[in-house]
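Participant: Here is the input, now give the coordinates:
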Amino acid sequence: MQTVVIGGNGGIGNAFVKLLVGKGTNDVIATYHNTKPAQELTQNDNVKWFQLDATDESAVSDFCEKLGDVGLFINAVGMLHDDQHKPEKSTRNLDKDYFIKSMTTNTLPTMLFAKHMPLHFRHKQSAVFATISARVGSIEENYLGGWYSYRASKAALNQVLKTLSIEWRRNLPNVCVVALHPGTTDTALSKPFQKNVPAEQLFTADKSVMLMSDVISHLTPEISGKFFSFDGENLPW
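Facilitator: Below is the predicted model:
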């Protein structure tokens with residue numbers, strides 16, 4: 001049974017790959033976009049790496065055709081800012097291209113994999129389809145405002161996952177579909193926004209992934225369609 005990590009060379013994705021390798025997990029399939037992964041991981045016989053643009057449907061389709069039966073799928077692709085844009089504090093800061101880029105990066109890949117992955121979950125064994133979301137994507141917990149593009153893209157992602165869980169409850173009842181909040185993690189994504197984060201609330205990627213891995217280990221198809229924090233808290237949509 002294969003374990004698939006999309007965005008395996010990002011901060012959280014890479015930590016997942018390292019954790020899986022450390023546990024001796026066989027048949028790990030990981031992807032990277034532009035930057036090649038570290039040599040220590042590319043030379044591990046238990047990991048196969050593929051270069052992939054997770055927003056390109058043709059590329060996603062071709063990649064999925066190479067897969068066998070999948071027991072765990074993790075999409076760790078995401079963006080909060082780029083070289084030209086930071087999260088908006090006000091609608092005055094809204095930039096159409098940045099908004100579309102956020103939606104494309106944070107929401108579209110999960111939809112594409114949901115479209116092209118079902119064949120690989122038809123083995124009837126319990127499986128997990130997980131995507132890294134963010135607590136700021138919760139509409140109910142939005143008390144501070146701001147960060148329009150990121151919030152909207154993660155809220156859209158959460159809606160996709162919830163809707164997918166309903167569809168797959170009928171078609172793939174063996175699969176648990178979940179959104180996972182990693183906490184504030186010390187990665188390139190959060191680096192510009194760590195100044196006011198208390199030290200005890202800033203996790204290394206390894207710690208965040210260790211905690212999320214424990215959450216994943218307790219998932220069952222019966223609780224599909226949930227949004228979980230790294231500590232197992234069931235978050236409101």
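Participant: Residue 72: helix or strand, and which one exactly?
Facilitator: strand 70-75 (DSSP states H and E).
Participant: Each with direction, which strands does that strand pair with?
Facilitator: strand 2-6 (parallel), strand 127-132 (parallel) (DSSP bridges).
Participant: Work out the gap between it and the centre of the chain.
Facilitator: 10 Å (Cα atoms, centre = their mean, to the nearest Å).
Participant: same question for it, mean pLDDT?
Facilitator: Averaging pLDDT along strand 70-75 yields 99.
Participant: Now do stretch 20-29: distance from first to last residue.
Facilitator: With Cα to Cα, to the nearest Å applied, stretch 20-29 spans 11 Å between its terminal residues.
Participant: what's the average pLDDT for that stretch?
Facilitator: 95.
Participant: Distance of residue 30 relative to residue 101?
Facilitator: Noted for residue 30: a distance of 24 Å to residue 101, by Cβ to Cβ, to the nearest Å. Placement of C-beta: from N, CA and C, glycine included.
Participant: and those two? which has more neighbours close in?
Facilitator: Shown here are residue 30 and residue 101; by other Cβ atoms under 10 Å, residue 30 has more neighbours (27 against 18).
Participant: Leaving out the residues flanking it, which one is nearest to that one?
Facilitator: Of all residues not flanking residue 30 in the chain, residue 8 sits nearest, at 3.1 Å (Cβ to Cβ, 6 or more residues apart in numbering).
Participant: For the one you found, pull up the helix or strand it's in.
Facilitator: Applying DSSP H and E, one finds residue 8 in no helix or strand.
Participant: residues contacting the residue nearest to residue 134 when sequence neighbours are not counted?
Facilitator: The shortest distance from residue 134 to any non-neighbouring residue, by Cβ to Cβ, 6+ apart, is to residue 154 (4.7 Å). Going by Cβ atoms under 8 Å, 6 or more residues apart in numbering, residue 154 touches 106-107, 133-134, 136-137.
Participant: Please convert the residues you listed to CSV, extending it with neighbour count and secondary structure.
Facilitator: Formatted as CSV, the contacts of residue 154 follow (neighbours: other Cβ atoms under 10 Å; DSSP: H, G, I helix; E, B strand; the rest coil):
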residue, neighbour count, secondary structure
106, 27, helix
107, 22, coil
133, 28, coil
134, 25, coil
136, 17, helix
137, 26, helix
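Participant: Out of those, which comes closest to residue 216?
Facilitator: Each of these was checked against residue 216 using Cβ to Cβ; the closest is residue 133, at 13.8 Å.
Participant: rewinding a little: just checking, the residue nearest to residue 134 is part of a helix?
Facilitator: Yes. Under DSSP: H, G, I helix; E, B strand; the rest coil, residue 154 falls within a helix.
Participant: From residue 227, how far out is it?
Facilitator: 10 Å.
Participant: what ranges do the helices span in the protein?
Facilitator: Using DSSP state H, the helices of the chain run over 11-22, 39-42, 57-65, 96-106, 108-116, 148-171, 205-217.
Participant: Out of the ones you listed, which one sits most buried?
Facilitator: Across the helices of the chain, the average number of neighbours (mean count of other Cβ atoms under 10 Å) peaks for helix 11-22, which reaches a mean of 22.
Participant: Need the contact partners of it.
Facilitator: With Cβ under 8 Å, 6+ apart as the test, helix 11-22 has contacts from 3, 5-8, 28, 30, 37-38, 41, 44, 46-47, 74, 76-77, 132, 182, 185-189, 204-206, 208-210, 213.
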